[in-house]
Every structure is written in structure tokens, then in C-alpha cells.
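Novice: this is a predicted model, with the sequence first.
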Amino acid sequence: MASFAKIGLNNKVIEVVSVHNNELKDSKGVEQEVNGINFLTEHTHWPIWKQTSYNRSIRKNFAGIGHTYDEDKDAFIPPKPTQYPSWVLNETTCQWEPPVVKPDDETEAKRYGWNEETQQWDIYTHTYVYNEETKQWDLNE
């Protein structure tokens, strides 16, 4: 199956649909995006579609509802995380990233979380204990 993003106003993705690969094949059996677009336009009467890929082999990211299609980058860009206004768009990956690189020494007992207020990565060293009564793991504070 091939996936296509329906593009609406302001280049926003408003729907993602699947199309059988056979609909994309040309007379030589080679898949062509334009064939998928023509198929969808004929069946939905919506003219603007862009192919997207789960493995990010085209257009940087798999499209999702609310993503933006950037024509200049030929990429789908996810919405900026509202809880992290300091994050910036990586122009190469088209992903939002913090302004400070995350330390690369995480372990099971040492995790990092972005602190928007201080603009740095905080260490969270939580441990959990198994509660026999509730049969759940509880945070050991």
C-alpha cells in the first residue's frame, strides 16, 4: 500500500489515505506518484495530494493530520510542540529539536527531560518498586 496526504489550506495535511500499489503502476509496471495522485483526484475530486512514506524515504517525515507540506523543502513538517516554544526546526531532518543537544549518556536509572524554563536537560533518577498488593510498579520517591 502507498500512502498519500491530502493537502488543504496553508499546505496543511487534512487526511492521510492508502492506495493499493497497483494504482501507481505505469504501463511498464513501475510505480509513479502521479498515477496515485490521478487515481485519488478522480475518486475524491480533491486535486492536491502528496505521497508520504512510513520509512521516511520521501519527504523527510511520514505525513500526519496537522503537519505542513513545505514545497521548497519537499518535506512534511510536524507541528511545533506547543510545550517547547524554544525548539527550532532542523532544516535537514525537518524535525523540531531543543536548542541544546541532549546528553548521550542515558541509562535505565538516568533519564533526561527537557526543562523549558531553564533551557537545559534535567536528570531524572527515579526508581520503581513492585507493589505486591496492587500488582503494579510504583515510583519510589
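Specialist: Happy to help now that I have it. Everything quoted here is computed from the prediction, not taken from an experiment.
Novice: can you pull out the strands in this protein?
Specialist: Residue ranges of the strands in the chain, as given by DSSP state E, are 2-7, 13-19, 49-52, 68-70, 75-77, 88-89, 96-97, 111-115, 120-124, 127-131, 136-140.
Novice: how close does residue 97 sit to residue 79?
Specialist: 14 Å (C-beta to C-beta, to the nearest Å). Glycine gets a C-beta too; all of them are placed from N, C-alpha and C.
Novice: tell me the contacts of residue 98?
Specialist: 84, 86, 87, 114, 121 (C-beta atoms under 8 Å, 6 or more residues apart in numbering).
Novice: and of those, the nearest to residue 34?
Specialist: Distance to residue 34 across the contacts of residue 98 (C-beta to C-beta) is lowest for residue 87, with 35.1 Å.
Novice: neighbours around that closest one, how many?
Specialist: When neighbours are defined as other C-beta atoms under 10 Å, residue 87 has 16 of them.
Novice: who's in contact with it?
Specialist: 80, 81, 96, 97, 98, 99.
Novice: now pLDDT too, for the residues you listed, in TSV please.
Specialist: Below are those laid out as TSV (pLDDT from 0 to 100):
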residue	pLDDT
80	97
81	95
96	97
97	97
98	97
99	97
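Novice: for residue 60, which of the strands of the chain is the nearest?
Specialist: strand 75-77 (3.8 Å).
Novice: please name every helix or strand in contact with the closest one.
Specialist: With contacts taken as 3 or more C-beta pairs under 8 Å, 6 or more residues apart in numbering; DSSP states H and E, strand 75-77 sits against strand 68-70.
Novice: give me the domain ranges for this protein.
Specialist: Using automatic domain parsing, the domain parsing of the chain gives 2-82+89-96, 100-130.
Novice: low pLDDT regions in this structure?
Specialist: Low-confidence segments of the chain (pLDDT under 70): 125-127, 139-141.
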